[in-house]
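Trainee: kindly generate the corresponding structure for this input.
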Amino acid sequence: MDELLNIIILIIIIIYIIKFSFIIHLTFQNYNKILEMKQENIKIKSELLKNKLKVKEEKQLKAKQKEEQSKAKEELLLYTKCSCCLIKKILILCEYCGRNHCNTCGIHPHKCYEYAMMQQRGLFE
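Mentor: Numbering: from 1, shown residues only. Coordinates of the predicted model:
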C-alpha cells in the first residue's frame, strides 16, 4: 500500500513537472515570437525612415531644379538683346512686328503700329 501511494505521488510529480516544462516551453515560444515581431517592427520602421529620407531628398532635388530653371529663365530674359537697340534687358513682344523690344526703345513699337496700319491701308507693299 505504501509503495502504491509512493508510485501515485511520483506519477503526480512527473505530471506536474511535464505541465511546468510545457508552460515554460510555451512561455519561451511566445517570447521568441514577440522578439521576432519587434525585429520586424524595427525593420519596417527603418524602411519607413529610409523612404521618408528619399522623399525629402527628392523634394529638395525638385526644389533645386525649379530654382535653377527659374534662374535660367531670368538669365535668359536678362541676357536677351532687344531687336532694335541691342540692349540686354527684359523684353516685351511687339504685337505688330513680332519682334522683342525693351522699355528704352518704346518709340519703336509705335512705329511698328504705324507701319502695320499703313500696310493695311495699302500704302506699302
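Trainee: need the pLDDT of residue 73.
Mentor: Predicted confidence (pLDDT) for residue 73: 70.
Trainee: cool, the one 10 residues further on as well?
Mentor: Here, the pLDDT recorded for residue 83 equals 56.
Trainee: now residue 87
Mentor: Per-residue pLDDT puts residue 87 at 57.
Trainee: cool, and residue 23?
Mentor: 91.
Trainee: and residue 69, by the same measure?
Mentor: At residue 69, pLDDT is 84.
Trainee: one more: residue 10?
Mentor: So, for residue 10, pLDDT stands at 95.
Trainee: that one in helix, strand or coil?
Mentor: Look at residue 10: counting by DSSP: H, G, I helix; E, B strand; the rest coil, its state is helix.
Trainee: show me the shaky parts of this structure.
Mentor: 74-125 (pLDDT under 70).
Trainee: which residue ranges of it form helices?
Mentor: Using DSSP state H, the helices found in the chain span residues 2-78, 107-121.
Trainee: buried deepest among these, which one?
Mentor: Of the helices of the chain, the one with the most neighbours on average (mean count of other CB atoms under 10 Å) is helix 107-121, at a mean of 13. Yep, even glycine has a C-beta here, placed from its N, CA and C like the rest.
Trainee: show me the domain layout of the protein.
Mentor: 1-79, 81-125 (automatic domain parsing).
Trainee: as CSV, could you dump the C-alpha coordinates of stretch 39-50?
Mentor: What follows is stretch 39-50 as a C-alpha-only set of coordinates in CSV (Å, rounded to 0.1, in the frame of the first residue of the first chain):
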residue,chain,number,x,y,z
GLN,A,39,12.6,42.9,-35.0
GLU,A,40,10.2,43.0,-37.9
ASN,A,41,8.7,46.2,-36.5
ILE,A,42,12.2,47.7,-36.3
LYS,A,43,12.9,46.7,-39.9
ILE,A,44,9.6,48.3,-41.0
LYS,A,45,10.4,51.5,-39.2
SER,A,46,13.8,51.7,-40.7
GLU,A,47,12.4,51.2,-44.1
LEU,A,48,9.8,53.9,-43.5
LEU,A,49,12.6,56.3,-42.4
LYS,A,50,14.6,55.5,-45.5
